[in-house]
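# Sequence and predicted model, in that order:
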Amino acid sequence: MIELKHDELVFSFPEVHDDAICSIDFQRTLRIPDDNRSYPLPPGLGRFPMEHTDDHSDSLPVKWKEHGGVLLPMYQAEALWINFNSDYPFAVKIATGKINAVTGKEWSNKLTRNPQDYLVIPDQPWLDGYCVQKGLIRQFVAMPLGEGYTAEEQISGKAEHGGLQIIVYPMKRKHYELMQREESRMADSVLCQMKVFEDSDAMGLAPGGLMRQEIYEDEHDFNVWDTENSSRCFVHILNSKQWKAVTGNEVPGEPPGSKEYTEAGLPWFEYYDDHHQALTGAKTLAGMDSVAAKTIKQGKQPKDNDQVSPENVSAVGPSANQVKEGKW
């Protein structure tokens, strides 16, 4: 079962276990410079608002009504990161335009171990972008479909789906209860009527700047995941004008630029967890053009892409407070 509560998607599986609940929200954030330098994690600037697709079905394309799910507004070239919250273990697949954000392969409901096409929560507290290399992602950045920027268009050659897709699998009850008995310390990890617009006006996610973030390997046996029970959700992305027209609500103001934020001395973040191994990244995703690279190829100049040098970088994560002995 999926519920929308306080701008969070709440996935629950009472048929598996009473504790089998996780929530996922989408955080507004700075768009980091797209200059092939790697940056620390930008801050969360609050949750994006979300609304039920069914509540606005009269104003949406037929295909969107069939997809169900939720609506989320983004400005063009705005960035987001995905926040996960759960004490119960889940395998979570994330795709944009039905392109897997971990492997670069096209959407499948099936869970795959080799190559691993999912994240494990609570080990993975968040995801900021496409896994392009070990320890590096390219930030999720909203761009219109049809202009060649999105991961979907660059990999599949089509501008068909847009949005963001999620499917969640809980850990099997017996494995969870065994883990609870053996490892109580894992309690928490850390952190159609008249339409307003047509399918062709949809928004998708494209690869932005490079960010230092590890996507962790699944350290459980693959058979712990309950592939007989899953829930999936289609997150449709609207631009600011569409959101106002469909929902009647204004989109929150645009976030500050990374240069403005950095010059104000506000914090960036580095996540430390030396207990998990990182995935190597997908060559398919690494081969995509970033938004800036695609813009330059089109003979235009990227906007708001000034290089920054974050100095106020805070450590977060389970290993952030570790005291190192050093060399004596």
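It's in. These figures come from a predicted structure and were not determined experimentally.
# Now residue 12: closest residue in space that isn't a chain neighbour?
Once flanking residues are discounted, residue 12 sits nearest to residue 21: 4.6 Å by C-beta to C-beta, 6 or more residues apart in numbering. (C-beta placed from N, C-alpha, C; glycine too.)
# separation between that neighbour and residue 5?
Per C-beta to C-beta, to the nearest Å, residue 21 is found 11 Å from residue 5.
# between those two, who's got more neighbours?
Applying other C-beta atoms under 10 Å to residue 21 and residue 5 shows that residue 21 carries more neighbours, namely 19 against 10.
# what's the more buried one sitting at in phi/psi?
With angles defined as degrees, to the nearest 10, residue 21 sits at phi -140, psi 130.
# residues in contact with it?
By C-beta atoms under 8 Å, 6 or more residues apart in numbering, the contact set of residue 21 is 10, 11, 12, 13, 86, 88.
# Check it and give its pLDDT.
Looking at residue 21, its pLDDT reads 97.
# same deal with the one 5 residues further on?
What the model reports as pLDDT for residue 26 is 96.
# Name the nearest residue to it, ignoring sequence neighbours.
Using C-beta to C-beta, 6+ apart and skipping residues adjacent in sequence, the residue nearest residue 26 is residue 48, 4.5 Å away.
# returning to what we had before: who wins on neighbours among the contacts of residue 21?
If you count neighbours using other C-beta under 10 Å, the busiest of the contacts of residue 21 is residue 11, which has 26 neighbours.
# how about that residue, secondary structure?
For residue 11, the assignment made with DSSP: H, G, I helix; E, B strand; the rest coil gives strand.
# And the contacts of residue 21, which is closest to residue 210?
residue 86 (27.9 Å; C-beta to C-beta).
# so what's that closest one scoring on pLDDT?
Model confidence at residue 86 (pLDDT) stands at 96.
# cool, residue 186 as well?
44.
# oh, and call the first residue 601 from now on, that's how I've got it
Noted, 601 is the first residue going forward, which turns the last one into residue 786.
# Tell me where the stretch 651-800 of the chain has helices.
For the stretch 651-800 of the chain, the helices defined by DSSP state H, counting those that start in this stretch occupy 662-667, 751-756, 773-782.
# got the contact list for stretch 631-640?
The contact list for stretch 631-640 (C-beta under 8 Å, 6+ apart) reads 642, 677-679, 736, 739, 741, 808-812, 855, 857-858, 868-870, 890-893, 902, 904-908, 910, 913.
# in this protein, which residue is closest to the centre?
Nearest residue to the geometric centre of the chain (C-alpha atoms, centre = their mean): residue 682, 3.8 Å.
# Now residue 866: closest residue in space, sequence neighbours ignored.
With C-beta to C-beta, 6+ apart as the criterion, residue 866 has its nearest non-adjacent residue at 6.7 Å, and that residue is residue 912.
# That neighbour contacts residue 865, doesn't it?
Yes. At 5.6 Å, residue 912 and residue 865 qualify as touching, with contact defined as C-beta atoms under 8 Å.
# picking that back up, any quick ChimeraX command for the buried ones out of the contacts of stretch 631-640?
Burial among the contacts of stretch 631-640 is assessed by 16 or more other C-beta atoms under 10 Å; the matching ChimeraX selection reads:
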select :642,677,678,679,736,739,741,808,809,810,811,855,857,858,868,869,890,891,892,902,905,908,910
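# for the stretch 651-800 of the chain, which spans come out with low pLDDT?
Within the stretch 651-800 of the chain, the segments meeting pLDDT under 70 span 783-800.
# Residue 643: neighbour count?
17.
# To clarify, my last question referred to residue 834.
Residue 834 is flanked by 19 other residues according to other C-beta under 10 Å.
# helix, strand or coil for it?
Reducing the assignment at residue 834 to three states with three-state DSSP gives strand.
# got a list of what it touches?
Contacts were defined as C-beta under 8 Å, 6+ apart; by that measure residue 834 touches 653, 667, 668, 669, 670, 763, 764, 765.
# repeat that with 7 Å
Contact partners of residue 834, counting by C-beta atoms under 7 Å, 6 or more residues apart in numbering, are 667, 668, 669, 763, 765.
# That one: what's its closest spatial neighbour, skipping adjacent residues?
In space, and not counting its chain neighbours, residue 834 is closest to residue 669: 3.5 Å by C-beta to C-beta, 6+ apart.
# can you check residue 814 too?
Among residues not flanking residue 814 along the chain, residue 878 sits closest, at 3.7 Å (C-beta to C-beta, 6+ apart).
# mind checking the backbone torsions on that neighbour?
phi -90, psi 150.
# Next, find the distance separating it from residue 716.
11 Å.
# likewise residue 911?
Taking C-beta to C-beta as the measure, residue 911 falls 35 Å from residue 716.
# Which of the three states applies to residue 844?
Classified using three-state DSSP, residue 844 is helix.
# thinking it is in contact with residue 850, fair?
Yes. Under the criterion of C-beta atoms under 7 Å, residue 844 lies in contact with residue 850, with a separation of 6.2 Å.
# Can you pick out the residue with more neighbours from these two?
Neighbours were counted for residue 844 and for residue 850 using other C-beta under 10 Å; residue 844 has more, 15 against 11.
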